[in-house]
Structures are given as C-alpha cells and as structure tokens.
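S.K.: I need the structure of the sequence given here:
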Amino acid sequence: MPPPTPLKFTLQPYNPYSEDDSHHMPSFLNAAAPIFSDELISALRECGVDSLDVYDLELTDPDSDQVYTHYKVVNIVSLVSAADMKRSIVTGHGPTNSALYDVDFDRLVVDPGRTKGHNFFRLAESTNMLIAHESVKQHLQAKGFTDLAFYKLGNIAT
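M.R.: As a prediction, the model looks like this:
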C-alpha cells in the first residue's frame, strides 16, 4: 500500500547554538527516510540511477512556516550484498541468522563483481549505507552538488 501523498514532515527548529544547524536547505537530508531535492533526483537519473522510488513531500520549516515542495522522500530499492566480508574490517555484528548482517565497518571493501551493475545502492550488510559508483560521484560533483559528502570505502567507519 503506498503512503499518503504528499507526506508531511516538519524540520527541527533552528538552534543558533548548534554547530550542525543552518538555514541552508541541502540536497540530501538524512532522516528516518532519506529526503532528496528534486535537482538531486534528476541528476541521479541522468547518470543511470534507476532504483529510486520517490514520494511527494511537503517539508515545513517551523521557524518561517515556509513549505518546501521540491523535495521527495526516497526509497532506494536496490539492496545489494556486495561487501567483501573477509577483506573488510567489521566492528559490530547483527543477528548471525539473518540474511542481512547490518554491521558497522571500520574498513569496507566492496566486491565489484557482486554489485550486479548497480551504480547507486544500499549495502545489504549495513543498510544505512549508500554506495555510489565513482561515475555517479563525478557526475554529481560536475553538476555542482557541493553539499554532498563522499567517502573512500577503505576509510569508512559507520
């Protein structure tokens, strides 16, 4: 069953004493469900990302009462088990009887042969992790997305 449309979320009020708070509206909001700007979704689709289910969103700023409608809640439907667990350094384990590990990594090694051609996906071994192929990263940077952070897999700690 699809969610109600549009979904309605409210931002946290601005806290001027927090180093993490800003009035800048980024391309990506890491919430309970990822929130992407329409521009980011368009750029991802331009470079071949086809694994995004998007849902209309009304995002309200409680400080100004402004309602942003150029964002979508995103479900990244490609869940890929691509971690080379023997070469990666794992710091925590999920249930061992689960098909999904849901672990934390100090160092992640992805086996390119297991990505099944996906260039943007959630990692099955750590479902909160989004993996972008180098070509996706380069495309997004060329399009001017300076507010996205990309990490080398060997330096990841989740």
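S.K.: Name the SS class of residue 13, please.
M.R.: Under the three-state scheme (DSSP: H, G, I helix; E, B strand; the rest coil), residue 13 adopts coil.
S.K.: Next, the contact list for it, please.
M.R.: 62-63 (C-beta atoms under 8 Å, 6 or more residues apart in numbering). Glycine gets a C-beta too; all of them are placed from N, C-alpha and C.
S.K.: how long is stretch 18-26 end to end?
M.R.: 17 Å (C-alpha to C-alpha, to the nearest Å).
S.K.: do stretch 45-59 as well
M.R.: 22 Å.
S.K.: Check stretch 31-45 too.
M.R.: Taking C-alpha to C-alpha, the first and last residues of stretch 31-45 lie 21 Å apart.
S.K.: Could you do stretch 120-133 as well?
M.R.: Stretch 120-133: ends 6 Å apart by C-alpha to C-alpha.
S.K.: what comes up buried for it?
M.R.: Residues 120-126, 129, 131-133 are the ones in stretch 120-133 that count as buried (16 or more other C-beta atoms under 10 Å).
S.K.: Next step: these restricted to strands.
M.R.: Among those, the members falling in strands (DSSP state E) are 120-123, 126, 129, 131-132.
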